[in-house]
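Enquirer: have a look at this prediction, sequence included:
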Amino acid sequence: MTTIVALWLPILVAAVLVFIASSIIHMAPLWHKGECPAVPDQDRLLDAMRPFGLKPGEYMLPRAGDMKAMKSPEFIEKLKRGPVVFMTVLPNGPVSMGKALGQWFVYCLIVGFLAAYVASRTLDAGAEYLAVFRIAGTTAFIAYAVALWQQSIWYSRPWSTTLKLTLDGIIYGLITGGAFGWLWPAAA
């Protein structure tokens, strides 16, 4: 086994490289540019919602109070009439990218740490590049992509969006695997 402390450099390098790659992927007009289209007549919808003073958070419409209410004819009629909505409300004002980017970098470090943990428990110092690449890259891919599939399963996120995010996760997994394979400690 390899110690986690010996893997601080691949954890950091992988996080930095994934951060840079994700910035390029999301700022360049690549495969994410058509996501989240505007609703028709968005100004009128925003004007109609504003008086409710929704606080930041996640909401569901319509929403039943309990399982029994979900079966009531009135609730079923609300579902039929629609729209059925899952929505995220952000704080008013300009979107703060600084906080989100800081949290994203911490997340990249955590994914790197988890990849390091799994690889360190299964591989010795001096392990071959491909073995390290496989273990660290697969662990990172799972962390970056697989959990996102639930959004399409349960909340109707378009599968096209989830597949694009999965492609991102493959890229991030490859980067992480490559960084770990490159910087894996030599045998003593």
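Expert: The structure has been received and is ready for your questions.
Enquirer: burial of the closest residue to Gly126 other than its chain neighbours, as a residue count?
Expert: Leaving aside its chain neighbours, Gly126 sits nearest to Ala187 (2.8 Å; criterion: CB to CB, 6 or more residues apart in numbering). C-beta: built from backbone N, CA, C; applies to glycine. Neighbour count for Ala187, taken as other CB atoms under 10 Å: 8.
Enquirer: thought Leu123 was touching Ala187, still the case?
Expert: No - contact criterion CB atoms under 8 Å: Ala187 and Leu123 do not qualify, at 11.0 Å.
Enquirer: isn't Leu90 up against Pro56?
Expert: Yes - judged on CB under 8 Å, Leu90 makes contact with Pro56 at a distance of 5.8 Å.
Enquirer: tell me the pLDDT at Lys33?
Expert: pLDDT, Lys33: 80.
Enquirer: what about it, neighbour count?
Expert: Around Lys33 there are 8 other residues, counting by other CB under 10 Å.
Enquirer: that one and Pro91, how far apart?
Expert: Noted for Lys33: a distance of 25 Å to Pro91, by CB to CB, to the nearest Å.
Enquirer: can you list the domain ranges for the chain.
Expert: Split into domains by automatic domain parsing, the chain comes to 5-38+95-183, 42-89.
Enquirer: and the longest one, how far out from the chain's middle?
Expert: In terms of CA atoms, centre = their mean, to the nearest Å, the centre of domain 5-38+95-183 is set 9 Å apart from its chain centre.
Enquirer: now the shortest one
Expert: Using CA atoms, centre = their mean, the distance from the centre of domain 42-89 to the centre of the chain it belongs to is 25 Å.
Enquirer: give me the mean pLDDT for that domain.
Expert: 93.
Enquirer: first-to-last residue distance for that domain?
Expert: 15 Å (CA to CA, to the nearest Å).
Enquirer: and for the longest one?
Expert: The separation between the terminal residues of domain 5-38+95-183, taken as CA to CA, is 13 Å.
Enquirer: next structured bit after the host helix or strand of Tyr107?
Expert: In this assignment (DSSP states H and E), Tyr107 forms part of helix 97-122. Counting by DSSP H and E, the element after helix 97-122 in chain order, helix or strand, is helix 129-144.
Enquirer: give me the buried positions along that next one.
Expert: Using 16 or more other CB atoms under 10 Å as the test for burial, helix 129-144 gives 132-144.
Enquirer: which residues are in contact with that helix?
Expert: 10, 14, 18, 111-112, 114-116, 118-119, 122-123, 168-170, 172-182, 184 (CB atoms under 8 Å, 6 or more residues apart in numbering).
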